[in-house]
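Trainee: Dropping the sequence and predicted coords here.
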Amino acid sequence: QVQLEESGGGLVQTGGSLKLSCAASQRTVSNFAMGWFRQAPGKEREFVAAIRWIGGTTYYADSVKGRFVISRDNTRTAVSLQMNSLKPDDTAVYYCVADRSPITSNIQNRRAYNYWGQGTQVTVSS
């Protein structure tokens, strides 16, 4: 059982930056993917970004491409999300996720991930 813990959320002004981090309780197997989802009040939980351990391939939601960067460490226990040029629409609870690497067509599907963190709040003020 993998437990995930997020950190780094907070309050930032429009145009600012934040970096989220996620630590896994144990080293994940090589064929894993980790990523981030977010949920704003009254909205569905949505995919933000993901990265595969093998090869380091990254995936992004269209809404964050060019502004967010996901990265992983070499120990396969942590992933980060650098968020730049933040907008009020980015305000949400951000969840770290992990599971055996989904097929590409499923990488943005929240049901492909069985391991979830508790979430960290990101608030972008206008």
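Mentor: Structure received. Numbers count the residues shown, from 1 in each chain.
Trainee: pretty sure Ser63 belongs to a helix, no?
Mentor: No - looking at Ser63 with DSSP: H, G, I helix; E, B strand; the rest coil, it is coil, so not inside a helix.
Trainee: Skipping adjacent residues, who's closest to it in space?
Mentor: Once flanking residues are discounted, Ser63 sits nearest to Asp89: 7.5 Å by CB to CB, 6 or more residues apart in numbering. The way it works is simple: take the backbone N, C-alpha and C, and place the C-beta from them, glycine included.
Trainee: which residues does the residue positioned nearest the centre of the chain contact?
Mentor: Central residue of the chain (CA atoms, centre = their mean): Trp36, 1.9 Å from the mean position. Counting by CB atoms under 8 Å, 6 or more residues apart in numbering, Trp36 makes contact with Leu20, Cys22, Val48, Ala49, Ala50, Ile70, Val79, Leu81, Tyr94, Tyr95, Cys96, Val97.
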